[in-house]
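Asks: below are the sequence and a predicted model; questions follow.
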Amino acid sequence: MPSLDILLTFFVTTAIFAYIPGPAMLYAAAQTMARGRFAGLMASLGIHLGGYVHVLAAAAGLSILFHAVPTLYLAVKLAGAAYLVWLGFTLMRAKASGEGASGEGGLPVVEAKSARRAFFESITVEVLNPKTAIFFVAFLPQFTDASAAFPVWLQFLLLGTVVNLMFSSADLVCVFLAGAVVSRMRQSGKAQRLLQRAGGTVLIGLGAHLAWQRT
């Protein structure tokens, strides 16, 4: 593995990047506002698991394809943007997450279904985000050491896992902060509906932002 100085720099830099407000934080907060805290937690888990696809791709050298084939990068980026916009409109049109009969654990049936949906949607959103792949390809090589005992691909895998965990911890902070707001407003049906529309609007905005970004 790299030297202790390099690893310390890696942890500090990763923490800074992770806790700077970004699209993943907004996405997790939007899912929480629209569907509740449990759905936000499941969305964060989905983002986290989807991130490992990019970690494995970076370790295998596949992410470099986005640099080599700009058309592929553009196609995946637009597909991810369109999916985010579609999710946003779906959230805005859906029924409030708190409606319906109670299921296991006291959760409303609709909310439980929304949480499962948020989990699978979030995996798809993360996998279709080529900017995550580019980030790993640009960031991780700065902290690898070709002369270390571990091969470079294993260093990519280990460092990428740390990055993914750090970023997910920041997403969880956003979920709990957004959940605190939602829990106070949930007694009002109008307020809950407003939060749901706000969450959908955020997702649409994220999709538009992804589509219009040049890199």
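Replies: Yep, it's here. Numbering: from 1, shown residues only.
Asks: from here on, contacts and neighbour counts on C-alpha atoms
Replies: Fine.
Asks: in the protein, which residue sits furthest out from the middle?
Replies: Largest separation from the mean C-alpha position in the chain: Ser147, at 33.3 Å (Cα atoms, centre = their mean).
Asks: roughly how far does that residue sit from Ile204?
Replies: As judged by Cα to Cα, to the nearest Å, Ser147 and Ile204 stand 46 Å apart.
Asks: kindly report the same for Phe120.
Replies: In terms of Cα to Cα, Phe120 sits 18 Å off from Ile204.
Asks: before we move on, what about Thr32?
Replies: For Thr32, the distance to Ile204 equals 15 Å [Cα to Cα].
Asks: between the two, who's got more neighbours?
Replies: Using other Cα atoms under 10 Å, the more surrounded residue of Thr32 and Ile204 is Thr32, with 32 against 22.
Asks: that one and Gln155: what is the separation?
Replies: Distance of Thr32 to Gln155, given as Cα to Cα: 34 Å.
Asks: again, but for Arg197
Replies: Noted for Arg197: a distance of 42 Å to Gln155, by Cα to Cα.
Asks: check the residue farthest from the centre of the chain and give its pLDDT.
Replies: Ser147 carries a pLDDT value of 80.
Asks: before we move on, what about Met185?
Replies: pLDDT, Met185: 67.
Asks: and the one 4 residues further on, by the same measure?
Replies: Model confidence at Gly189, expressed as pLDDT, equals 63.
Asks: quick one: low-confidence ranges for this protein?
Replies: 1-2, 94-112, 185-189, 191-192, 214-215 (pLDDT under 70).
Asks: try 50 this time
Replies: Applying pLDDT under 50 to the chain picks out residues 97-107, 109-110.
Asks: which helices and strands sit right next to the longest helix along it?
Replies: Ranked by residue count and defined by DSSP state H, the top helix of the chain is helix 152-185. With contacts defined as 3 or more Cα pairs under 8 Å, 6 or more residues apart in numbering; DSSP states H and E, the secondary structure elements packing on helix 152-185 are helix 4-19, helix 23-35, helix 37-60, helix 189-212.
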